[in-house]
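In: What follows is a predicted protein model with its sequence.
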Amino acid sequence: MINYLEIINYIKNNYNKDWMTDSQKEACDRVNEYLLYDDVVGIYGKEGVGKTFLGWVFVMDGFKYFEDEKKYKEYSKNVPYAVIDNGRLTNIKDIRRLTMTKSEKVIYITKIKSVPYSVKLTLDNSDIVKVLDNLKSLNININKNYSNNNLWKIFRGVVYDW
């Protein structure tokens with residue numbers, strides 16, 4: 001039996017841009033546009049709307065993903081393009097202080113807006129359908145109608161029901 005972490009790791013190692021929801025595609029386009037104007041761009045939204053997955057997608061474009069600020073600080077090398085997930089800083093000056101000597105461009109992912117050039121990621125029913133279709137492509141049976149607006153809860157429910 002495959003467990004939750006095995007599936008998460010499989011997705012991390014095998015995802016592609018085709019897995020993005022329409023909301024993520026739109027947010028991705030806006031982030032790329034904002035990166036032309038500022039060195040630090042934010043992605044924010046409620047828990048479970050797909051921010052982390054969107055951060056992983058930027059890895060495909062040459063960014064290095066960091067699970068949080070602590071992992072970013074501990075990394076000893078300069079990182080020209082960084083994604084910092086689970087951001088806790090709320091003041092842009094603090095965020096710039098954290099990143100300015102190590103990175104040229106940063107995507108800072110949080111639950112609340114903390115960066116002037118930020119994109120709010122939201123979730124709608126078509127996004128949920130897309131995520132469920134992605135899971136089905138991994139031969140995971142979807143036995144219920146999931147209408148929760150938190151992808152982590154849906155994902156856990158699907159995996160544990162499977």
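Out: Right, received. Where do you want to start?
In: Report the contact partners of the most centrally placed residue in the chain.
Out: In the chain, the residue lying closest to the centroid (Cα atoms, centre = their mean) is Thr52, at 2.1 Å. By Cβ atoms under 8 Å, 6 or more residues apart in numbering, the contact list for Thr52 reads 85, 109. Quick note: C-beta positions are derived from backbone N, CA and C, even for glycine.
In: Ile84 now?
Out: Counting by Cβ under 8 Å, 6+ apart, Ile84 touches 66, 68-69, 72, 99, 106-109.
In: Now the buried members of these.
Out: Burial by neighbour count, 16 or more other Cβ atoms under 10 Å: within the contacts of Ile84 this picks out 66, 69, 72, 99, 106-109.
In: Out of those residues, list just those in helices.
Out: Cross-referencing those against helices under DSSP state H gives 69, 72, 99.
In: Now distance to Glu6 and pLDDT too, for these, in CSV please.
Out: Shown next, in CSV, are these (distance: Cβ to Cβ, whole Å; pLDDT from 0 to 100):
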residue, distance to Glu6, pLDDT
Glu69, 28, 96
Tyr72, 27, 97
Thr99, 33, 96
